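Engineer: Fold the following for me, if possible:
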Amino acid sequence: MLIGLGLGPGNPELLTLRAVRLLREADMVFVPGRISYNLVAPYRNAMILKFPMTDDESLIRKCLLENAEKIAPVAQNGLAVFGILGDPNFFSTFSRLCSILAEKYPTIQYRTEPGISAITAFAAVAGISLNGGFIVSDGPDPDSRILLKVKHPKEKADELRREGYREFVLVERMYFADMKVYRNDDLPEKSDYLSVMYARH
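Structural biologist: Residues are numbered from 1 along each chain as shown. Here you go, the predicted model:
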């Protein structure tokens, strides 16, 4: 098993309790650089892997392949944890790493555990309240949207389809015991106040 683990925005005290537990339980911990290494250090030793900041796709793929070969033996036989600054599902390299592993080692299972993202950390540091709608993007043309407190998900999805959106996921009462996940045509007519919808072109 390989877990992509969010390490928060840059302070070891902002790791979640679950993150600390998984770091201690892991057979081996991997990190993509010195910043992540320093976040993990108070709790566990880690191996630093090379992930160059470059637009050279051939070099990126070469490094991903090399890193996959280091992670695979641990993930095949035990628990490998890959610690990432912020959250592993927000603009991170973890999904690309998993794609490489899936090619070469399709039996390895993987999942993610959330960390405090830069978005929520920014609001705290800046002393601002993010009310109403806002856009978060790392590029000029966002291809997805996240909507909070969606009361009528099926109706909202129909509206978004007219704007070109095609993929939908609704998570209701996230991390509660009665959490439910709906996709595309399975979206319900009504949903709980604690609901988040993802829409993608």
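
Engineer: C-alpha from now on. contacts and neighbour counts both.
Structural biologist: Fine.

Engineer: Tell me, how many residues neighbour residue 188?
Structural biologist: 15 (other Cα atoms under 10 Å).

Engineer: swap in the one 4 residues further on?
Structural biologist: Residue neighbour count, defined by other Cα under 10 Å, stands at 14 for residue 192.

Engineer: and it, that one's in a strand?
Structural biologist: No - looking at residue 192 with DSSP: H, G, I helix; E, B strand; the rest coil, it is coil, so not inside a strand.

Engineer: measure it to residue 158 for me?
Structural biologist: 18 Å (Cα to Cα, to the nearest Å).

Engineer: swap in residue 45?
Structural biologist: The value you get for residue 45 to residue 158, if Cα to Cα is used, is 49 Å.

Engineer: same question, residue 126
Structural biologist: 36 Å.

Engineer: of the two, who's got more company?
Structural biologist: residue 158 (12 against 8).

Engineer: residue contacts, residue 156?
Structural biologist: residue 150 (Cα atoms under 8 Å, 6 or more residues apart in numbering).

Engineer: again, only using 10 Å
Structural biologist: 147, 150, 187, 189, 197, 199 (Cα atoms under 10 Å, 6 or more residues apart in numbering).
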